[in-house]
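Colleague: Return atomic coordinates for the entry below.
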Amino acid sequence: MANVLLVFWSGTGNTEIMAEKIKEGLENAGETVDYRTVDAVDPSDIDAFDKIVFGCPSMGVEALEEDEFEPFFEEAEASLSGKKVALFGSYGWGEGEWMDAWVDRVKETGAELFDDGLRVNSTPSTEEEEQCVEFGEGFAKF
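Modeller: All right, here's what the predicted structure looks like:
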């Protein structure tokens, strides 16, 4: 049984690259990861995990992806109290304000938030891919 759920949505592939590298970091640190795209997860699946990593890029006017990820996350929020949560995603414009709003939402659920969300502008560079691996390793120890 995996002990970390990593669930993400990716449009252009940038957030998926981040997800793969975070998974690598988690596994380097000895975690077993249930790695899924958001369309392959039911919000009730969250109940089975103590640690969850959510990934979603900034869309539109600094918002979570609205068709699949936002409805999923809205329902999932009710199950996050007391769980350890990490957030990540890519953005293409602005300063990544969507992550600040997402961080606040998670804090309001009573979850224990790791870091303040990992954000990468556009496609992750080699250095940013390494940051994703380190983020995963850090969350494993959290």
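Colleague: Leaving out the residues flanking it, which one is nearest to the most centrally placed residue in the chain?
Modeller: Within the chain, one residue has its C-alpha closest to the average C-alpha position: by C-alpha atoms, centre = their mean, that is Phe54, at 2.3 Å. Closest residue to Phe54 apart from its sequence neighbours, by C-beta to C-beta, 6 or more residues apart in numbering: Leu87 at 5.4 Å. Glycine gets a C-beta too; all of them are placed from N, C-alpha and C.
Colleague: So what touches the particular helix or strand that has the one you found in it?
Modeller: For Leu87, the enclosing helix or strand under DSSP states H and E is strand 84-91. Under the criterion C-beta atoms under 8 Å, 6 or more residues apart in numbering, residues 8, 12, 14-15, 18-19, 22, 50-58, 62, 98-99, 102-103, 106, 111-115, 117-124, 132, 135, 139, 142 lie in contact with strand 84-91.
Colleague: In helices only, show me the residues you listed.
Modeller: 14-15, 18-19, 22, 98-99, 102-103, 106, 132, 135, 139 (DSSP state H).
Colleague: Identify the farthest-apart pair in those.
Modeller: Asn14 and Val106 (21.2 Å; C-beta to C-beta).
Colleague: Highest neighbour count among the ones in helices among the contacts of strand 84-91?
Modeller: Neighbours were tallied for each of those (criterion: other C-beta atoms under 10 Å), and the maximum of 31 neighbours falls on Ile22.
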